[in-house]
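Q: I would like to see how this sequence folds:
(one chain, ligands or ions: 2)
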Amino acid sequence: TKWVYAFGGGDSEGEASMRELLGGKGANLAEMAKLGLPVPPGFTITTSACNAYYDGGKQWPGGLNEQVETALAKLEGVTGKAFGDPKNPLLVSVRSGARASMPGMMDTVLNLGLNDETAEGLAQLSGDRRFAYDSYRRFIQMYSDVVLDLDHSMFEEILETFKEENDFTLDTELSAEDWEEIVRDYKAAAAKALGREFPSDPREQLWGAIGAVFASWMNDRARTYRRLHDIPASWGTAVNVQAMVFGNMGETSATGVAFTRDPSTGENAFYGEFLVNAQGEDVVAGIRTPQCLTQEMREKMGDKAPSMQEAMPDSYNELAEVFSRLERHYRDMQDIEFTVERGRLWMLQTRNGKRTAKAALKIAVDMAKEGLISEEEAILRVDPAQLDQLLHPMIDDSATRDVLATGLPASPGAAAGVVVFDSDEAETMAGHGEKVILVRIETSPEDIHGMHAAQGIVTARGGMTSHAAVVARGMGRPCVSGAGSIKISYADKSFTVGGRTVRQGDFITIDGATGEVLMGAVPMIKPELTGDFAALMVWADKARRMKVRTNAETPADVQTAKEFGAEGIGLCRTEHMFFDADRIAAVREMILSEDRAGRVAALAKILPMQRQDFEEIFTIMEERPCTIRLLDPPLHEFLPHTEEDVDAVSKATGLSARALMERAAGLSETNPMLGHRGCRLGITYPEIYEMQARAIFEAQVNVQKKTGVRPVAEVMIPLVAMAKELSILKARIEGVAKAVEKESGTAPVYVIGTMIELPRAALRADEIAAEAEFFSFGTNDLTQTTFGLSRDDAGKFLGDYIEAGIFEKDPFVTLDQSGVGDLVRIAAERGRSARPGLKLGICGEHGGDPASIAFCDSVGLDYVSCSPYRVPIARLAAAQSAL
Ligand code: PEP
Ligand code: MG
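A: Ligands and ions are numbered 1, 2, ... in the order given. Next comes the predicted model:
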C-alpha cells in the first residue's frame, strides 16, 4: 500500500481531489504545489495509514517506515539539507489534517529536528544565534505540550522567572545567550517531568509527532466534535510533514492568515492579518497584536501600524496574485496561511473559507455575476439551513436597549420570549404556544429538546464553540453564550445581574449578532429580502420543479409568507382560529351543548367571525390556492380551564356549572391523539364542518364580488383512514357549496381533498383518491402513527435514541425516508394510479427541512408547505434538489 505522498520541489504525487486519502490540508498542499505555487516541500501520510494504525492495535502499518524514509530522503534532496545534520539541518513541521477541518485535534509541531547540535548548526547557517535558540526553545515547549503531554505552565514559569530576575518585560529583550540558558532550563524541566532525557534524536522526534497526530484523532475533544458534526471515526486523519520556512528570521520575515474575501460580510476585498518576525502560532495566540493585510483595511480600522501592503509591498503583491489565482482555480473564497522568509513568500495552506450566512450569500451571488461560477453553482453554494440566520427578525435600530448583560454573539438573529431555566419546562411552555428563551449555566446534549422548543438560548458559561453555540447555530436559533455576569439560580428559577433579578416568566430579548441580553420584549424588524437574497431566489425559482406553499392562518403570517415567496397556503389550521378571544366563548358553548340545536346556535355565532378570517386570507393570497383544513384536534382541547370561563359558558347556555363540568369530563380521552378528532368529529357533528365550509364559501363569494379575483379554496379533511369517511363528508360540503351558490348567485371555486396522516390511508390511497382531488401528507401525524411514537412526549427520550444510534436524526424534524417515506411513496403511487392528475403536497414540519424536501422531490410531490420563515429555505432546497 502507498502510505506516503510527496509534494513540492516541482512535482506532486497528490491533488485536491484526493481529500479523502490526504485530508483537506494535504490535498490542497499537493494541489498548490502542482499549480507551481511556492509551497515548502514535504509529504503527507494518508488517512488510510491512520486507520491501519488503529485497525492493527496501534501498530505502525507495514511499509510505513520505509516509505517515510524514502520521502525524507527526497525532501533532503529537494531542500539540499539533511535531517539531523548539524552543519545543514533540515527542520520540519508536523500537522494533522482530516478530511474536514476539525478543532480539537493536535494542531502543529514546528521546528522539529532541533537538538543541541542542529540548533548550533542553524545558528551558524542563518547567522542569527538568537533566532536559532528562540526556535529551539519554542520547539521544546510545543513538543512537550502536544507530543509528550507535559504541562506547559512549567515552561511559562521558567520564562517569567528569568525575565523577572533580569528585569526584562518583553521577550524581544532576551539575547541569544539568554535563550540558550532558557533552553537548558526547559530541557532540565522536561527531563525531570519525564523521568528521561528530552528526545534529541530527530527521527525519534518525528515518530513521536506522527504518533501524537494519530492519537489526537481519538482524544475526547475530537470525539465530541465528531459526534456533534456527524463525522465518522472511520475517516481518520492524515499527517503532513513539511520543510520549515521561517517567518521569524528578522524584519524581512513575517507570517499571516488571510481570506480572499471578507468572511463576515462577503465583500470582495482581501481580509487578513500578519505579524513581522513571527512564527505561525504567534498570530493565533494573540500575544502580539497582528497588523492589517491591506491599506484599505488598516484605514477602515484606524490602525496605526503599517499594513503588509505598505510594509512589504513586493511580498504583498506576490501574495495578492496568488490569492487571485487560487480563487480562480478553486472558484471559491479561500482561507490561506502564508509565511515570508527573508522576503520570499511561501504558501502553507489554502482551503475553502468558512463564512457567515450573509457572506455565503453575497459571495455566491457575486461570483456568479463575475462569471466565476454559474447560477446553478451559486444555488448549490448556499446551505439552505444557514439561510435561516438571515431570515430571522433583527432588533429595531431605533429601539431602546436596556442591556442586562453581554456575552458572545454565538448564533445570529434576535429573539424575545419569557425566561425559562429548564429544558423540559421550555418544551412544555412552547407546546402551549408560549415563546420562551432558555437560560442555562451551560447546555449539554440533554437540553436539545429545550433548545429546539426555545426561540433563543442564553448561557452563562461557554465560548463560541460551546455546546450551546454549536447546537444553536446548527438549529438556526439565536444564541448568546458565556454571559458570565449572569448569576443563575435554578432553585429560585431566577438570575441576577448588575443588582437586578429576572425571574422565570419575565420577558427578555437576546441579540445573537451582538451578544446582548436585553430586558423586556424589544421591538424587532423583519429581515431585508432584497439584493443578493432576491437575486439568488430568482435563480432558485427558475431551477426548481416543486412549488412552495406555507402553513399559516393569521393574516400577519400569511402576509409574511407571501413576501417570502409562498405560492399558496398548504395548510390553514382552522382550529387555531377557534382560540381567538372574540370567539373562544362561543366555541366552548358549541362544544358543551347537549344537543344539535345548541351546537347549531353556537356555530351561528362563530360563522361570521370565521368567514371574516377567510376573507382576509383570500384577499391577501388573491388567486393563489389556499388549502383550508377543517377542524382537527379533539374537542376537549378547547374546554374551559378556569372557574371564570365556566361561568361565562354557563351564562351563555343556561346550563349549570356542574352540568358543564360533567360534560367536559365526558369529553376527556385516555389517548386523545388517537381519539375523537379529525374527520371523526365531522362524522359525529356534521354541523361543525358544514359551518366551516359555509364560512369558506361565503368568504370566497364575498371576496370575488368585492375584488373581482377568484380565490381558490382547497377544502381539506384531516385524519381520514377510510374512503367512506371522505365520501360522506364530501357530500355534505358539496351540499353547502350548492346552497351558497343558490343564495349568492355565485359559484364558489373549490376542490375537496384529504390529508394522508394514517398508515391505512397511505396503503389504501387508491380508494381514497377516488374521492379526493388532492392529498396533503401530514407527516407529523404520519410519523407519530407509523412509529407509534407520541409527537408530544417523545422528546423525553429521543435524545437517548440518537445517542444510542437507533435514530440518526429526530424523525419529527427530518423525515424517516425508509419507513414513513415508504408510506408516502406508496400513497403517491396508488393515489395517482386511481386519479392520474392527483395533486400531492406535504404540510408536516418536514416540508421545511432541506433533506426531507429533496425526498419529496424524488417521489414527485407537486409542492411542499412550511412555516412562513422557512419558505425561502424551501425554495432554495427545492432548487438544489432539482439540480
Ligand atoms: C401533520 O400531522 O403533519 C399536520 C400537518 O397536521 P398537524 O400538525 O396539525 O396535526
Ligand atoms: Mg395532523
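Q: Under the pLDDT cut-off, which ranges of the stretch 451-600 of the chain? List them.
A: Regions of the stretch 451-600 of the chain meeting the criterion pLDDT under 70 cover residues 463-466, 470, 473-476.
Q: Kindly report the residues of the stretch 701-850 of the chain close to ligand 2.
A: Contact residues, the stretch 701-850 of the chain versus ligand 2 (CB under 5 Å from the ion): Glu757, Gly778, Asp781. Where you see a C-beta, it was placed from the backbone N, CA and C, and this is true even at glycine.
Q: tally of neighbours for the last one?
A: It refers to Asp781. 22 (other CB atoms under 10 Å).
Q: how about the residues of this structure that lie near ligand 2?
A: Counting by CB under 5 Å from the ion, the chain sits next to ligand 2 at Glu757, Gly778, Asp781.
Q: phi, psi of the first one?
A: Per-residue torsions, Glu757: phi -140, psi 10 (degrees, to the nearest 10).
Q: how much space between it and Val824?
A: The spacing between Glu757 and Val824, counted by CB to CB, to the nearest Å, is 11 Å.
Q: Would you mind measuring from Thr224 to ligand 2?
A: Using CB to the ion, to the nearest Å, Thr224 is found at 37 Å from ligand 2.
Q: which parts of the helix or strand harbouring that residue are buried?
A: Here Thr224 is covered by helix 220-228, with elements defined by DSSP states H and E. Of the residues in helix 220-228, Ala222, Tyr225, Arg226 count as buried by neighbour count, 16 or more other CB atoms under 10 Å.
Q: next structured bit after that helix?
A: As assigned by DSSP H and E, the chain's next helix or strand after helix 220-228 is strand 237-243.
Q: helices or strands next to that next one in the packing?
A: Judged by 3 or more CB pairs under 8 Å, 6 or more residues apart in numbering; DSSP states H and E, the packing partners of strand 237-243 are helix 19-34, strand 42-45, helix 47-55, helix 64-79, strand 92-98, helix 202-216.
Q: That strand: partners in the sheet, and parallel or antiparallel?
A: Taking DSSP bridges as the criterion, strand 237-243 forms sheet pairs with strand 42-45 (antiparallel), strand 92-98 (antiparallel).
Q: That one: how far from the chain's middle?
A: In this view, strand 237-243 has its centroid 30 Å away from the chain centroid, taken as CA atoms, centre = their mean, to the nearest Å.
Q: Next secondary structure after it?
A: Counting by DSSP H and E, what follows strand 237-243 is strand 254-259.
Q: Rounded mean pLDDT for the helix or strand that that next one is followed by, please.
A: The first helix or strand that comes after strand 254-259 along the chain, using DSSP H and E, is strand 271-276. Looking at strand 271-276 alone, the average pLDDT works out to 89.
Q: now swap in stretch 222-229 and tell me
A: What stretch 222-229 shows for mean pLDDT is 80.
Q: Could you do stretch 829-846 as well?
A: If you average the per-residue pLDDT over stretch 829-846, you get 96.
Q: Same check on stretch 62-74?
A: When pLDDT is averaged over stretch 62-74, the result is 96.
Q: which parts of it are buried?
A: With burial defined by 16+ other CB under 10 Å, the residues of stretch 62-74 counted as buried are Leu64, Gln67, Val68, Ala71, Leu72, Lys74.
Q: What sits closest to the residue of the stretch 101-250 of the chain found nearest ligand 2 if chain neighbours are left out?
A: Taking CB to the ion, ligand 2 has its nearest neighbour within the stretch 101-250 of the chain at Asp230, 29.1 Å off. Take Asp230 and drop its neighbours on the chain: the residue closest to it by CB to CB, 6 or more residues apart in numbering is Glu808, 8.0 Å away.
Q: One more: Arg760?
A: Leaving out its chain neighbours, the residue that sits closest to Arg760 by CB to CB, 6+ apart is Ala721, at 4.6 Å.
Q: residue contacts, that neighbour?
A: Contact partners of Ala721, counting by CB atoms under 8 Å, 6 or more residues apart in numbering, are Leu758, Arg760, Ala761.
Q: Any idea how many residues pack against Asp145?
A: 16.
Q: now do Phe168
A: Here the number of neighbours of Phe168 (other CB under 10 Å) works out to 16.
Q: What backbone torsions are found at it?
A: Its backbone dihedrals place Phe168 at phi -100, psi 150, with angles given as degrees, to the nearest 10.
Q: Just list what the helix ranked longest in the chain packs against, helices and strands only.
A: When secondary structure is assigned using DSSP state H, the longest helix within the chain turns out to be helix 596-621. Using 3+ CB pairs under 8 Å, 6+ apart as the contact test, the elements touching helix 596-621 are helix 555-563, strand 569-573, helix 574-578, helix 584-592, strand 625-629, helix 686-707.
Q: in that helix, what counts as buried?
A: Under the neighbour-count criterion of 16+ other CB under 10 Å, helix 596-621 has 598-600, 602-603, 605-607, 609-611, 613-621 buried.
Q: Likewise for stretch 529-548?
A: Using 16+ other CB under 10 Å, the residues of stretch 529-548 that count as buried are 532-533, 535-537, 539-541, 543-544, 546-548.
Q: quick one: which of those is nearest ligand 1?
A: When the buried residues of stretch 529-548 are compared for distance to ligand 1 (CB to the nearest ligand atom), Val548 wins out at 15.5 Å.
Q: I'd assumed Gly515 was in contact with Ala410.
A: Yes. Applying CB atoms under 8 Å as the test, Ala410 and Gly515 come out as touching, 7.3 Å apart.
Q: Is it correct that Leu667 is in contact with Leu635?
A: Yes. Under the criterion of CB under 8 Å, Leu667 makes contact with Leu635 at 5.6 Å.
Q: Spit out the residues that contact the two alike.
A: Here Leu667 and Leu635 share the contacting residues Ile591, His676, scored by CB under 8 Å, 6+ apart.
Q: Kindly export stretch 232-245 (C-alpha atoms) in PDB.
A: The C-alpha atoms that make up stretch 232-245 are tabulated as PDB, following Å, rounded to 0.1, in the frame of the first residue of the first chain:
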ATOM      1  CA  PRO A 232     -17.400   9.100  11.300                       C
ATOM      2  CA  ALA A 233     -14.400   8.000  13.100                       C
ATOM      3  CA  SER A 234     -13.500   5.800  10.100                       C
ATOM      4  CA  TRP A 235     -12.400   8.900   8.200                       C
ATOM      5  CA  GLY A 236      -9.100   9.000  10.100                       C
ATOM      6  CA  THR A 237      -6.600  11.800   9.900                       C
ATOM      7  CA  ALA A 238      -3.600  12.400   7.600                       C
ATOM      8  CA  VAL A 239      -0.200  13.700   8.800                       C
ATOM      9  CA  ASN A 240       1.600  16.500   6.900                       C
ATOM     10  CA  VAL A 241       5.400  16.700   7.300                       C
ATOM     11  CA  GLN A 242       6.800  19.800   5.600                       C
ATOM     12  CA  ALA A 243      10.100  21.600   5.400                       C
ATOM     13  CA  MET A 244      10.200  24.500   7.800                       C
ATOM     14  CA  VAL A 245      10.200  28.100   6.500                       C
END
